[in-house]
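Q: generate coordinates for the sequence data below:
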Amino acid sequence: MCISAVSVNEVATAADTWSCLCQQFYKVCDKYVAEVDENPKATLESQLFKKGPVMAAVVNRVSLRLGLSLTFQKVEVMYDACRFYKAWNPSSDSAWCAVFTPSDLQVLEDWQDLEKYYTSGYGHAINYEMACPPLQDVIQYFSDMVDGRGGPKGIFYFTHSRAVITMMSRLGLYRDVAPLTHEHMDPDRHWRTSSHGIFATNLAFVLSSCGQDRWWVSVLMSEKVVSLDGCSSDRGCTWDEFLAAYGRYYRCDFDNICQASVQEEEPLSSAANRPEVVWATDVLRVLRTLAWWAGGLFT
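A: Numbers count the residues shown, from 1 in each chain. So this is what the prediction gives:
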């Protein structure tokens, strides 16, 4: 969710086309679709991690624990079931989580973090470069307020986690000094999607008037203030500091940023034909797989 607000008394909706660009820019960015979303090589690091000895050890341990010969795909389904059921009932223990040790779950989390790092994070520059429309929107509406032109008290966008995480990357949040790879997964890393990419994650930009033409910008991730590069305080920025750090994104040449390379061999699929993978679809996929697997697991 992309939010720019000083109050919740009024809610405004932008034009449909601009709202779509702010919410789902990753679906209409041809360069991102070609180089990342539809390119298996873009997630090579997570694939190498999945096929590596650390993940193989997890599969072996779970197999021994259950007395079965399991593949990674079946362990993945169990992991998804563990996460979904725990999300649905946080106060209850999921039976599917019982097959994993804490160290097993950590390895699986590392694999998921690598996947998100290269599809939504700092693994490829286009991931965060394309995320300028929401930030452009924030700067425009905040500028209107600061300059006395007025405007809506609140603007709310509802979207998927990919848009939210790429927006965080555009802001420089949760960036590690060394890139994440299948050989380097720092246990003390900042990039943890289990913290900043969870269900109901939201990103809020708040503009506050401090009187005498003084303005303050705060950014909150899931209702908690985060520090921004270029701010003198870890609680936010003065308006001048915010413009100095992020004002360049007001000129967001989205078409130029997202222009696909002419060397692409395969034509890009049209936006209308791109599959929309939503949370509900993922849940149904997991449950269908579980139902099929449970039917033949102990036969």
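
Q: buried set for stretch 60-69?
A: Residues of stretch 60-69 classed as buried: Arg61, Val62, Ser63 (neighbour count, 16 or more other Cβ atoms under 10 Å). In this view, the C-beta of every residue, glycine as well, is placed from N, C-alpha and C.

Q: dump the residues you listed to JSON lines, plus pLDDT, distance to Leu243 and secondary structure.
A: Formatted as JSON lines, those follow (pLDDT from 0 to 100; distance: Cβ to Cβ, whole Å; DSSP: H, G, I helix; E, B strand; the rest coil):
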{"residue": "Arg61", "pLDDT": "97", "distance to Leu243": "52", "secondary structure": "helix"}
{"residue": "Val62", "pLDDT": "97", "distance to Leu243": "52", "secondary structure": "helix"}
{"residue": "Ser63", "pLDDT": "97", "distance to Leu243": "56", "secondary structure": "helix"}
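
Q: in TSV: those residues, plus distance to Asn39.
A: Output for those, formatted as TSV (distance: Cβ to Cβ, whole Å):
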residue	distance to Asn39
Arg61	33
Val62	31
Ser63	32
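
Q: now stretch 67-85: mean pLDDT?
A: Mean pLDDT, stretch 67-85: 95.

Q: list the buried residues in it.
A: For stretch 67-85, burial by neighbour count (16+ other Cβ under 10 Å) applies to 70, 72, 74-85.

Q: any chance of the residues you listed in TSV, plus secondary structure?
A: Listed next are the buried residues of stretch 67-85 as TSV, based on DSSP: H, G, I helix; E, B strand; the rest coil:
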residue	secondary structure
Leu70	coil
Phe72	helix
Lys74	helix
Val75	helix
Glu76	helix
Val77	helix
Met78	helix
Tyr79	helix
Asp80	helix
Ala81	helix
Cys82	helix
Arg83	helix
Phe84	helix
Tyr85	helix
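
Q: of these, which is the nearest to Pro187?
A: When the buried residues of stretch 67-85 are compared for distance to Pro187 (Cβ to Cβ), Tyr79 wins out at 19.1 Å.

Q: you'd agree that closest one is up against Glu109?
A: No. Counting by Cβ atoms under 8 Å, Tyr79 does not reach Glu109; the two are 9.3 Å apart.

Q: ok, back up a step: max pairwise distance over the buried residues of stretch 67-85: which two?
A: Most distant of the buried residues of stretch 67-85, by Cβ to Cβ, are Phe72 and Tyr85, 20.2 Å apart.

Q: and Asp93, backbone torsions?
A: Backbone torsions for Asp93, taken as degrees, to the nearest 10, come to phi -80, psi 130.
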